[in-house]
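J.: what shape does this take:
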Amino acid sequence: MDPVDLKEKFSMFDEFWAPKIVGELNGQYVKLAKLKGEFVWHRHEHEDEFFMVVKGRLTIHLKDRAIELAEGQFFVVPRGVDHLPVAEEECHVMLFEPKTVLNTGNVKNDRTVETLERL
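T.: Modelled structure (predicted):
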């Protein structure tokens, strides 16, 4: 039971779109990820997805609009909603997700991370 230093944890990896586990609470993982570029359209049928921008800017495209997030802002993508995260420049995010969430949701491709690294 020690405090988690987000800057320190983000300094421990360079990969984009590869979430890392930094904590657990109530059946959920607290994850950190670096994002850059466009991800993939996907959805999570049974889980909501919490994105909080720690550094940079993130756009989450939905079918009917785009959500623009700046540092210190968050957005919850409701379960079953198709979304496409895009970061024009490097962006650092914190995610809260049930342990069962696959980062690419209903899509499996080269960006799917089935076994998450714990920092």
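J.: what's the separation between residue 40 and residue 2?
T.: Distance, residue 40 to residue 2, by CB to CB, to the nearest Å: 35 Å. C-beta here means a position set from N, CA and C on the backbone, and glycine is covered the same way.
J.: more neighbours: those two, which one.
T.: residue 40 (16 against 4; other CB atoms under 10 Å).
J.: give the helix, strand or coil label for that one.
T.: coil (DSSP: H, G, I helix; E, B strand; the rest coil).
J.: excluding its backbone neighbours, what's nearest residue 61?
T.: Nearest residue to residue 61, sequence neighbours excluded (CB to CB, 6 or more residues apart in numbering): residue 84, at 4.1 Å.
J.: and that neighbour, how far from residue 8?
T.: If you measure residue 84 against residue 8 using CB to CB, the figure is 30 Å.
J.: which of those two has more neighbours?
T.: Taking other CB under 10 Å, residue 84 and residue 8 do not tie; residue 84 has more neighbours (15 against 10).
J.: just the helices in the protein please.
T.: Using DSSP state H, the helices of the chain run over 6-10.
J.: show me where pLDDT drops low in it?
T.: Residue ranges of the chain with pLDDT under 70: 102-107, 109-114.
J.: show me where it has its strands.
T.: Under the criterion DSSP state E, the chain carries strands at the ranges 20-25, 28-38, 49-55, 58-62, 66-69, 74-77, 83-98, 117-118.
J.: the nearest residue to residue 116 once chain neighbours are set aside and residue 96: what is the separation?
T.: Residue nearest to residue 116 in three dimensions, not counting chain neighbours: residue 21, with 5.1 Å by CB to CB, 6+ apart. According to CB to CB, residue 21 stands 11 Å off from residue 96.
J.: give me the common contacts of these two.
T.: Shared contacts of residue 21 and residue 96, defined by CB atoms under 8 Å, 6 or more residues apart in numbering, comprise 29, 30, 31.
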